[in-house]
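Q: got a sequence here, can you build the structure:
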Amino acid sequence: MIRKAAALLIATLFALACASSNPDDPNQKAKRGAGVGAAAGAVVGAIIGNQSGNPRTGAAVGAAIGAAAGGAIGHRMDQQQKELQQIPGVEVTRPAENEIAVQLTNDILFDFNSAALRTESQQTLRDLATNFQRYPDETVSVEGHTDNVGSPEYNQGLSERRAYSVRDYLASQGVTPSRVSAIGYGEARPKASNDTPEGRQLNRRVEIHIRATQS
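A: Below you'll find the predicted structure:
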């Protein structure tokens, strides 16, 4: 039965890949979310159905439930991404179906060698906090990054302090603290080469990763 369930999952994912290859489809991510949810739900349903003596019915029910959940998450994140893209001063990307990444440069958020938020950056963070409150069934991870100027140890500590500053400000604006985590990566994850001023500027950044839960 496990083999049949795995085969069902593979077939569903293959069909999903073929059906969702149109880059002009504005609902592509939601459709993929529904397809992935259907595949996972079908596997679970097939196992449950086998245990209850009715595998076909179990698979169908599981697929329907999974598709509804996956499609709802995909649609919700599509909508949130559009809203975040309206906030000035942020770069919004979608690294995964259930994840949105928001990038802010440290030059906007902080003065040189400081972890205190600049006054002019706080409106952007307030707008982000307002958005996060509208979508409570998600986790928010704040990541601090630096260039390679200075010692690795100092840059690690600075990136952590800056991530904590953003996390604490979001919490002060009403985002549930238990939803928000913070971590510093120092100079370990550069986005561009540190050999040029432009590259170093890109590497001095804070990234906020929003990940959907299954609620």
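Q: next up, the contacts around residue 132.
A: For residue 132, the contact set (C-beta atoms under 8 Å, 6 or more residues apart in numbering) comprises 138, 140, 170, 175, 179, 210. All C-beta spots, glycine's among them, are computed from the backbone N, C-alpha and C.
Q: tell me if it really is in a strand.
A: No: according to DSSP: H, G, I helix; E, B strand; the rest coil, residue 132 belongs to no strand; its state is helix.
Q: now do it, the pLDDT please.
A: The model reports residue 132 with a pLDDT of 99.
Q: please tell me how far it sits from residue 148.
A: Plainly put, residue 132 is 31 Å away from residue 148 if you go by C-beta to C-beta, to the nearest Å.
Q: and the contacts of stretch 114-128?
A: Contacts of stretch 114-128 (C-beta under 8 Å, 6+ apart): 84, 87-90, 102, 104, 108-111, 158, 161-162, 164-166, 169-170, 173, 208.
Q: same question for stretch 141-159.
A: 106, 113, 115, 160-164, 166-167, 170, 180-191, 194, 199-201, 203-211.
Q: just the buried residues from those residues, in ChimeraX please.
A: To isolate the buried members of the contacts of stretch 141-159 in ChimeraX, using 16 or more other C-beta atoms under 10 Å:
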select :106,115,160,161,162,163,164,166,167,170,180,182,184,185,186,187,190,200,203,204,205,206,207,208,209,210
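Q: so of the contacts of stretch 141-159, which ones are in helices?
A: Residues of the contacts of stretch 141-159 located in helices (DSSP state H): 106, 160-164, 166-167, 170, 199-201, 203.
Q: which of those has the weakest pLDDT?
A: residue 106 (90).
Q: that one contacts residue 162, correct?
A: Yes: the pair residue 106 / residue 162 is scored as a contact, 6.7 Å apart, by C-beta atoms under 8 Å.
Q: what do the two both touch?
A: Counting by C-beta under 8 Å, 6+ apart, the residues touching both residue 106 and residue 162 are residue 206.
Q: tell me which two of the contacts of residue 132 sit farthest apart.
A: Within these, 138 and 170 form the most distant pair, 12.5 Å apart (C-beta to C-beta).
Q: so where's the protein uncertain?
A: 1-52, 54-71, 214-215 (pLDDT under 70).
Q: so what's residue 111 up against?
A: Residues residue 118 are the ones in contact with residue 111 under the rule C-beta under 8 Å, 6+ apart.
Q: quick one: it from residue 53, how far?
A: 68 Å.
Q: and residue 174, by the same measure?
A: Counting by C-beta to C-beta - residue 174 and residue 53 are separated by 50 Å.
Q: tell me which of the two has more neighbours.
A: residue 174 (11 against 8; other C-beta atoms under 10 Å).
Q: can you report phi and psi for the more buried one?
A: phi 110, psi 0 (degrees, to the nearest 10).
Q: give me the neighbour count for the nearest residue to it once chain neighbours are set aside.
A: Excluding its sequence neighbours, the residue lying closest to residue 174 (C-beta to C-beta, 6 or more residues apart in numbering) is residue 133, at 5.5 Å. By other C-beta under 10 Å, 14 other residues sit near residue 133.
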